[in-house]
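> give me a model of this one.
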Amino acid sequence: MRMLERRPSPSMVVALTGLAVAMTGTGVAGEAAQMSGLDRREKRQITKIATKVANKRITQRAPRLSVARAATADTANTANTANTATTAKSANSADTANSAATLTSQAWAVVDAAGALVRSGGGIVSASVLPGAGRYLVVVNRNVAGCAYQASIEGNDPGDTDNGEVSANPWDTDPNAVVVGTFGPSGTPVAEGFMLLITC
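Residues are numbered from 1 along each chain as shown. Below you'll find the predicted structure:
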């Protein structure tokens, strides 16, 4: 018994030729017209071939593909919003963005007159007493040298009063630390409990 081979129709030959040319990067006018002369089975074949060819070309080019701009990205050089970004308008945390247009973080501590942390949050590592009356060191887990400091006398211990004054400044030898000074009503340095708020 002799098997008869079905040869592709002229329309299918034209469509395949147009597909081959299109895949090389040259547009072909009238592709819809070329497809219109095919029967349903031939259209399915053309679609299947086109899909395989397109997937192959995408796979070949994938290592060199890039996105110039993205509104949202897990990791990006530049993005409006990103989990990790070199530059971002907003970021999840300061640790995951080298620079961000909108990024606010706060650290706070309540320290007693003996230099012990009573309560803290936002990355406060430790508090301790420095040499000299009324001098304390508060250490944070990141660079806070360029941040804003707010401090107030906090009556944590019996006999503490809220009539004194307090100062807060970056420590010259460590950008992760803040030096706090507490003073009595007359301006004399004295040991006092205090509250410190750091806003970056």
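
> can you give me the strands in this protein?
Secondary structure of the chain (DSSP state E): strands at 72-91, 97-102, 106-111, 117-121, 124-129, 135-140, 148-153, 165-171, 174-183, 194-199.

> worst average pLDDT in the ones you listed?
Of all these, the minimum mean pLDDT falls on strand 97-102 (a mean of 50).

> ok, residue 52 - how many residues close by?
Look at residue 52: counted by other CB atoms under 10 Å, it has 10 neighbours. Just so you know, the C-beta spots here come from the backbone N, C-alpha and C atoms, and that holds for glycine as well.

> swap in residue 116?
14.

> over to the one 4 residues further on?
For residue 120, the tally of surrounding residues (other CB under 10 Å) stands at 18.

> out of everything not next to it in sequence, what's closest to it?
Closest residue in space to residue 120, ignoring its immediate chain neighbours: residue 109 at 4.2 Å, by CB to CB, 6 or more residues apart in numbering.

> residue 191 versus the one you found, what's the distance?
16 Å (CB to CB, to the nearest Å).

> between these two, which is the more surrounded one?
residue 109 (27 against 18).

> give the contact list for that one.
117, 119, 120, 121, 124, 127, 138, 195, 196 (CB atoms under 8 Å, 6 or more residues apart in numbering).

> partners of the last one in the sheet?
Pointing back at residue 196 there. residue 109, residue 151 (DSSP bridges).

> ok, it touching residue 111?
Yes: using CB atoms under 8 Å, residue 196 is in contact with residue 111, at 7.0 Å.

> where do the contact lists of those two overlap?
Joint contacts of residue 196 and residue 111 (CB under 8 Å, 6+ apart) are 138, 180.

> my read: residue 141 touches residue 121, true?
No: if you go by CB under 8 Å, residue 141 and residue 121 don't touch, sitting 11.5 Å apart.

> the two - which one has more neighbours?
For residue 141 versus residue 121, neighbours defined as other CB under 10 Å are more numerous around residue 141 (13 against 10).

> can you list the domains in the protein?
With domains defined by automatic domain parsing, the chain comprises 10-23+30-64, 72-102, 106-199.

> for the spatially closest residue to residue 167 that is not a sequence neighbour, which residues count as its bridge partners?
Of all residues not flanking residue 167 in the chain, residue 181 sits nearest, at 4.5 Å (CB to CB, 6+ apart). Note on residue 181: beta-bridge partners by DSSP bridges are residue 135, residue 167.
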